Structure formats: structure tokens, C-alpha cells
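what follows is a predicted protein model with its sequence.
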Amino acid sequence: MIITRRYKLDLHSEENETGQSPMAIIRDAAAEEALSIINPKDVLCVTVPVSEAVSNGLLYGGCDVSATIVRDDAGLTVQIINPDSPNGNGLDCVKEEDKPGDELRCHGRGLMIAKKLLARIGGTINLKKEGNNYVTTIKVPAVKKLKPKPAD
């Protein structure tokens, strides 16, 4: 079974009708989907990277950010798409390591930490430029089988 959730985020709409911020909406949806395929103790290894990707998307994309969450038998994929920043100082890579005196020319520390968290559970984070957009893709492999939903 494949579950897909799609979201359109707007930095200017701080909260939805339930009082959640755009980042909290995506983070909580990713956590809910992840809990069915990974161990509960590992859910922070998913929610921290998702929060960081959404935060960067809103920071750089402002009013035009979209998120898609797909869960299937193989695992979970979260994709955040945002346009390049208006001043052209967009993001171009996920920093590999933090060295003293480094300039933060890439995504910086946040996604470097996200990458390390995901690696603990066999996941990955990727950033690539597609046209005028940046696409951040987070993949988490399933470690437990999905249970079929009972028939109504």
C-alpha cells in the first residue's frame, strides 16, 4: 500500500486552524508515517531532518514551498521543494563536516546534523537544484513491515 500526503506551505501563514506552524504540520505528518515503518525510539532521526528541510525551504522559498510525504513497503520519502532565494544566495549542498573556521557556504550545520541522524537508521538526505527550485529529498528505509488496514 502507498500513502501519499501533499502540502503547500506559506511562511506568512504562521499557523493553521489547529494552531500548528507549517513546520509542525509536516514534522508531525512525517512522524506519524515513520512510526509505522521504524522503531519509535528512532522517530527523532526523521523529525529533526524534516524540520530542518522545511525550515530551510520556508527561509529560502518563503511563500512557495511544497512538501510531499510518501510511505510504502520500502520506506518513507519526504520531499521539500522551494524556489531559489530572491537574492540568488540559494543553497547548493549539504555540508559534509563542520571544521573550525569554516564558512557556512552550504546548508550549514543543520542539514549536516540531519544527515548524521538519518545515517543512524539507514536513511539519506539529498539536495539538488532542478530548474529554479531546490529539492530536498529525505529517504528512510522500512525496518518493520506495514500492517494491512482491516476491512471495514
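Right, received. Where do you want to start? Residues are numbered from 1 along each chain as shown.

for residue 6, give me its contacts.
Listed by CB atoms under 8 Å, 6 or more residues apart in numbering, the contact set of residue 6 reads 66-69. Heads up, the C-betas are built off the backbone N, CA and C, glycines and all.

run through the helices of the chain in chain order.
With helices called from DSSP state H, the chain shows them at 22-34, 44-61, 109-120.

residue 135: neighbour count?
A total of 17 residues lie near residue 135 under the criterion other CB atoms under 10 Å.

distance check, it against residue 32.
Distance, residue 135 to residue 32, by CB to CB, to the nearest Å: 23 Å.

name the nearest residue to residue 67, ignoring sequence neighbours.
residue 7 (4.4 Å; CB to CB, 6 or more residues apart in numbering).

my guess is that neighbour meets residue 78, correct?
No: judged on CB atoms under 8 Å, residue 7 makes no contact with residue 78 at a distance of 10.4 Å.

with neighbour numbers in mind, choose between those two.
residue 78 (28 against 15).

dump the residue contacts of that one.
Neighbouring residues of residue 78 by CB under 8 Å, 6+ apart: 26, 30, 46, 50, 53, 67-70, 137-138.

need the overlap of contacts for residue 7 and residue 78.
Shared contacts of residue 7 and residue 78 (CB under 8 Å, 6+ apart): 26, 67-69.
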